[in-house]
Every structure is written in structure tokens, then in C-alpha cells.
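1. Provided below are the primary sequence and the corresponding predicted coordinates.
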Amino acid sequence: MKEQQDISTLGDIKVLVNTFYDKVRQDDILAIVFNGIIQDNWSKHLEKMYRFWQTVLLSEHTYYGSPFSPHAKLPVSETHFQRWIKLFSETVDENFAGTKADEAKWRAEKMAEMFQMKIKYYQNTQAKPLL
């Protein structure tokens, strides 16, 4: 068995993102949401995710934008977020080990918690998110 390395390059980010979203696209809970929204724009979405995680994990600032805005009106619940975190953490653990791998899982969990709270808020009020 090959010893796992930490996340340290854009190539590693691409492995993480591609592997994770391959799982999402096949998942019985997440696929309907992601495939329904993204449709045939997966390459554009993946490019954006490469830049996002490159910025977050490698401190190479290539992502510019507001991560929450595109998610604000998604028809998702706690079940979706739990599955998202499960698949993301599994993907990291299957491919990487180290400080950055641990950070990726931690950041994904915190992001999911924040997104879930904000989406729930907007689902239950007349307020509209800032875009």
C-alpha cells in the first residue's frame, strides 16, 4: 500500500476535488441537488473549486468570490450536509494524510456548519442574502 502524502500542490487539490465530486455526482442524496443545479457545467464548477481550495489550503490566492451566495437558496437540509461532510472526509482520508489533510476536513466541517445555519435562516425568513 502506498504511503499517503499531505495536500501540498494544485495537483493534490485537483485529486481531492475531482474524487469528491465524482462521489457527489453518484450519491443517492446529493446527486439530485448538485446535478440539478450544475447540470452540464461541471468543468466550470470544478475549476472554481480548485481555486477555492487552493486559496484556502495552499495560501495561493486564486479564488475571488463569495462562497455562500450560490448556496443560499439550495433546497437542502441537515441530511445533505451530513452526507457532504461524510463524503468529503472519506475522500481526504482515502487520498491524503497530514496537517493540510486535517485542515481540509476541519475547514469543510466549519463551512458546512456555517452554510447550514445560514441556509436554514434564509429558508425561515423573508430576508434575502447579500450577493
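-> Alright, I've got the coordinates.
2. any buried residues in the helix or strand hosting residue 32, and which?
-> Counting by DSSP states H and E, the element that carries residue 32 is helix 31-38. Buried residues in helix 31-38, defined by neighbour count with 16 or more other Cβ atoms under 10 Å: 33, 34, 38. Bear in mind the C-beta positions are built from the backbone N, C-alpha and C, glycine included.
3. surely the first one and residue 76 touch.
-> Meaning residue 33. Yes. At 6.1 Å, residue 33 and residue 76 qualify as touching, with contact defined as Cβ atoms under 8 Å.
4. so which residue is dead centre in the chain?
-> When the chain is reduced to its mean C-alpha position, the nearest residue by Cα atoms, centre = their mean turns out to be residue 108, at 6.6 Å.
5. so who does it touch?
-> Taking Cβ atoms under 8 Å, 6 or more residues apart in numbering, we find residue 108 in contact with 84, 85, 88, 89.
6. who wins on neighbours among the residues you listed?
-> For the contacts of residue 108, counting by other Cβ atoms under 10 Å, the largest number of neighbours falls to residue 84: 24 neighbours.
7. how far away is residue 35 from residue 41?
-> As judged by Cβ to Cβ, to the nearest Å, residue 35 and residue 41 stand 11 Å apart.
8. sounds good, over and out.
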